[in-house]
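Undergrad: with the sequence up front, the predicted model follows.
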Amino acid sequence: MENMQLAKRVRAFRKLKGYTQQELAAKSGISLAVLGAIERGNRRAEEQVLIKVAEALGVSVQELRNG
């Protein structure tokens, strides 16, 4: 359940910033496959990955997790 909530928030922030998955993956330095799996809720995001995604989106990890 936690994965799905995080997945929705990552996708929402990405779309809000106007990034494609490919652009966000490149900006955050993670693979497109990993980002896609996180956004689908199929993969639990490790802390370091979450930090990179949050920085690329210009939000805090806390915002990604809880809102």
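TA: Looks like it arrived, so ask away. Residues are numbered from 1 along each chain as shown.
Undergrad: least trustworthy helix or strand in this protein by mean pLDDT?
TA: Every helix and strand in the chain was compared by mean pLDDT, DSSP states H and E; the lowest is helix 61-65, with a mean of 91.
Undergrad: ok now that one, how far from the chain's centre?
TA: 10 Å (C-alpha atoms, centre = their mean, to the nearest Å).
Undergrad: which helices and strands does it pack with?
TA: helix 2-17, helix 47-57 (3 or more C-beta pairs under 8 Å, 6 or more residues apart in numbering; DSSP states H and E). Every C-beta, even on glycine, is put in place using the N, C-alpha and C of the backbone.
Undergrad: tell me the most buried of these?
TA: helix 47-57 (a mean of 17; mean count of other C-beta atoms under 10 Å).
Undergrad: need the CA coordinates for that one. PDB is fine.
TA: Only the C-alpha atoms of helix 47-57 are listed here, as PDB (Å, rounded to 0.1, in the frame of the first residue of the first chain):
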ATOM      1  CA  GLU A  47      16.300   5.900   0.500                       C
ATOM      2  CA  GLN A  48      19.100   7.000  -1.900                       C
ATOM      3  CA  VAL A  49      16.900   6.700  -4.900                       C
ATOM      4  CA  LEU A  50      14.100   8.600  -3.200                       C
ATOM      5  CA  ILE A  51      16.600  11.400  -2.300                       C
ATOM      6  CA  LYS A  52      17.800  11.600  -5.900                       C
ATOM      7  CA  VAL A  53      14.200  11.800  -7.200                       C
ATOM      8  CA  ALA A  54      13.200  14.400  -4.700                       C
ATOM      9  CA  GLU A  55      16.200  16.600  -5.500                       C
ATOM     10  CA  ALA A  56      15.400  16.300  -9.200                       C
ATOM     11  CA  LEU A  57      11.800  17.300  -8.600                       C
END
